[in-house]
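[1] below are the sequence and a predicted model; questions follow.
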Amino acid sequence: MESYYGRAQRIVALETVAIQPLGRDLTSDGFARRLVYELRVEWNPNEGDGEATVVRELVTVNGRPPRKSDEPRCTDPRGVSPEPLATFLPTRRGAYAFNQAGLGTVDRRRAVMIDYRALRPEAPKVEWRDECASIDLPGRTRGRIWADPETAEILRFDEHLVGLVDIPVPVAQQRKGASPFMTIERADMSIEYRRTSFVDPDETLMLPAQIDSLVVVRNSGSPRLRITQTFSDYRRFVTASRIVPTR
C-alpha cells in the first residue's frame, strides 16, 4: 500500500459522479444529479497518522460549468475525503483483524480473498454545516478485498456497515415534528480496480475504475441514495512541468 500511494499521488483523473435518489423498493426515483471533478490523491507518510486523502475540484454540474451559486449539496462528495484503501497502511492495520477467505477470480484473474473487521467500534464523527451532516463511522464496518496472490495488487474492495447507527440531530438542525435522531441503516461500497498503463516512462498501475455505493439513512432529507463514481482520463505527473497521458 505504501508503494501504491507513493505512485498514485503523482496521478490526476476525471471523476464522474451520479447521485440517484431511490424509492422504498430501491429503484430510481427522479433524476440523478451528475457532477464531474478533477481528482488527485495526497499522501504524506511523515505527517500525522499518514492517512491518504482524495482531493476534488469541481468541473461541471449536470453537464455545465459550475456557477457561483452552485453550493455543494449534502449528498455531494466532500472536497477532501479519506482514500478507502488507507485502512491497509501499516499505521492503520493494528485497528483491524484480517482473515484469509479463500481464492476467487476478478475479471478472470486469480485472487486471494481477505476479510477484515474492526477490533473496536468508535464513536461516530459528525460535522454539521447548516442542515448537512458529514459522518464518519470508524470501526463500524467490515469488508473483503480481492488481491493478486503474486503482485499483491488490489483488484476489488467491498465494505458494508455492521448494525444500525443512531446519529443525534442538534436542536438547530431538527425539522419540526421530526425525530431527534437519524439512523444509518445501510452503507455499502464496492470498488473495482483496473490496470492503467502510462508511457514515457512505461508504468502500469491498478487504479479505481468504478465505485458503487448504496446509503439508507432513516429520518434524513435524502433517505435512500445510490452513488456511482467512474474514473477516466488518468494522467501522470512525472516532473513539475510535464503530464503524461495513459496509453
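    Sure, I can see it.
[2] average pLDDT for stretch 121-134?
    For stretch 121-134, the mean pLDDT works out to 86.
[3] next, the buried residues of it.
    Residues 124, 133 are the ones in stretch 121-134 that count as buried (16 or more other CB atoms under 10 Å). For glycine as for every other residue, the C-beta is placed from the backbone atoms N, C-alpha and C.
[4] now the end-to-end length of it.
    Stretch 121-134 has its terminal residues 18 Å apart, counting by CA to CA, to the nearest Å.
[5] from the chain's centre, how far out does that stretch sit?
    17 Å (CA atoms, centre = their mean, to the nearest Å).
[6] cool, and stretch 14-28?
    Stretch 14-28 has its C-alpha centroid displaced from the chain centroid by 15 Å (CA atoms, centre = their mean).
[7] same thing with stretch 200-217?
    9 Å.
[8] C-alpha coordinates for that stretch, PDB please?
    C-alpha atoms of stretch 200-217 as PDB (Å, rounded to 0.1, in the frame of the first residue of the first chain):
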ATOM      1  CA  ASP A 200       7.400   7.700 -21.100                       C
ATOM      2  CA  PRO A 201       8.400   6.100 -18.800                       C
ATOM      3  CA  ASP A 202       6.300   2.900 -19.100                       C
ATOM      4  CA  GLU A 203       4.400   2.100 -16.000                       C
ATOM      5  CA  THR A 204       1.200   0.100 -15.200                       C
ATOM      6  CA  LEU A 205      -0.900   0.700 -12.100                       C
ATOM      7  CA  MET A 206      -4.100  -0.800 -10.700                       C
ATOM      8  CA  LEU A 207      -6.400   2.200 -10.300                       C
ATOM      9  CA  PRO A 208     -10.100   2.700  -9.400                       C
ATOM     10  CA  ALA A 209     -12.400   2.200 -12.400                       C
ATOM     11  CA  GLN A 210     -15.800   2.500 -10.600                       C
ATOM     12  CA  ILE A 211     -17.200   2.900  -7.100                       C
ATOM     13  CA  ASP A 212     -20.800   1.900  -6.400                       C
ATOM     14  CA  SER A 213     -22.400   2.900  -3.100                       C
ATOM     15  CA  LEU A 214     -25.800   2.400  -1.500                       C
ATOM     16  CA  VAL A 215     -26.800   4.500   1.500                       C
ATOM     17  CA  VAL A 216     -30.000   4.300   3.500                       C
ATOM     18  CA  VAL A 217     -30.500   6.800   6.300                       C
END
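[9] buried sites along that stretch?
    203, 205, 206, 207, 208, 209, 211, 213, 214, 215, 216, 217.
[10] narrow the residues you listed to those in strands?
    Within those, residues falling in strands by DSSP state E are 203, 205, 206, 207, 208, 209, 211, 213, 214, 215, 216, 217.
[11] ok and the longest strand seen in the chain relative to strand 203-218, angle-wise?
    As assigned by DSSP E, the longest strand anywhere in the chain is strand 181-198. Note on geometry: by axes from the mean of the first three to the mean of the last three CA atoms, to 10 degrees, strand 181-198 and strand 203-218 are set 170 degrees apart in direction.
[12] what mean pLDDT does strand 181-198 have?
    Rounded mean pLDDT across strand 181-198 is 93.
[13] buried stuff in it?
    182, 184, 187, 188, 189, 190, 191, 192, 193, 196, 198.
[14] tell me how far the third one lies from residue 80.
    Look at residue 187 and residue 80: by CB to CB, to the nearest Å, they are 19 Å apart.
[15] again with the fourth one
    Taking CB to CB as the measure, residue 188 and residue 80 are separated by 23 Å.
[16] try the last one
    Taking CB to CB as the measure, residue 198 and residue 80 are separated by 25 Å.
[17] and what of the fifth one?
    Computed with CB to CB, the distance linking residue 189 and residue 80 is 18 Å.
[18] let's see the pLDDT reported for the residue lying closest to residue 184 once chain neighbours are set aside.
    Ranked by CB to CB, 6 or more residues apart in numbering and with sequence neighbours excluded, the top spatial neighbour of residue 184 is residue 165, at 4.4 Å. You'll see residue 165 listed with a pLDDT of 93.
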